[in-house]
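Visitor: Provided below for reference: sequence and predicted model.
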Amino acid sequence: QVQLVESGGGLVQAGGSLRLSCAASGRSVSTVSMGWFRQAPGKERELVSTIRRSGITYYADSVKGRFTISRDNAKNTVYLQMDSLKPEDTAVYYCAASLSAYPLGQRYDYWGQGTQVTVSS
């Protein structure tokens, strides 16, 4: 079992920054693939960014160049640094863990409870 707890969400003005944290327990983040997803009101949940066990990262086109995913193995935590935030980034952000080295889409095994990010214009 892997437990995930997100934190760091909040209200920020457009152009501002936030750093989300996902603290994991039950397994080292270096041994699982980790992903950040988001769901805006009335929309389907979408993939934002992933970091594989190998360290290879992926970003959705909508956040490329603005968001950075990273992990701290010592703290067993994955981060999502979000810069140049836009109102359309407003959503509940979820972190997830997959036991697969190559998880497909949203086929992740463990999910956090989510943290709200609101970007005002």
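Guide: Nice, I can see it.

Visitor: For the nearest residue to N73 once chain neighbours are set aside, which three-state class applies?
Guide: Spatial nearest neighbour of N73, excluding adjacent residues (C-beta to C-beta, 6 or more residues apart in numbering): S30 at 4.8 Å. (Glycine included, C-beta is placed from N, CA and C.) Following DSSP: H, G, I helix; E, B strand; the rest coil, S30 is assigned to helix.

Visitor: Need the per-residue pLDDT for S30.
Guide: On pLDDT, S30 comes in at 93.

Visitor: State the distance from it to G16.
Guide: Look at S30 and G16: by C-beta to C-beta, to the nearest Å, they are 30 Å apart.

Visitor: Then G9?
Guide: 13 Å.

Visitor: Those two: which has the busier surroundings?
Guide: When G9 is set against G16 and neighbours are counted by other C-beta atoms under 10 Å, the residue ahead is G9, at 19 against 14.

Visitor: wait, doesn't that one sit right on Y93?
Guide: Yes: judged on C-beta atoms under 8 Å, G9 makes contact with Y93 at a distance of 6.4 Å.

Visitor: between these two, what contacts are shared?
Guide: Shared contacts of G9 and Y93, defined by C-beta atoms under 8 Å, 6 or more residues apart in numbering, comprise L20, T115, Q116, V117.

Visitor: and these, which two are the farthest apart?
Guide: L20 and Q116 (10.6 Å; C-beta to C-beta).

Visitor: Give me the more crowded residue out of these two.
Guide: L20 (25 against 12).

Visitor: Paired strands for the host helix or strand of the more buried one, with orientation please.
Guide: Secondary structure from DSSP states H and E places L20 in strand 18-25. Strand pairing for strand 18-25, using DSSP bridges, gives strand 3-7 (antiparallel), strand 77-82 (antiparallel).
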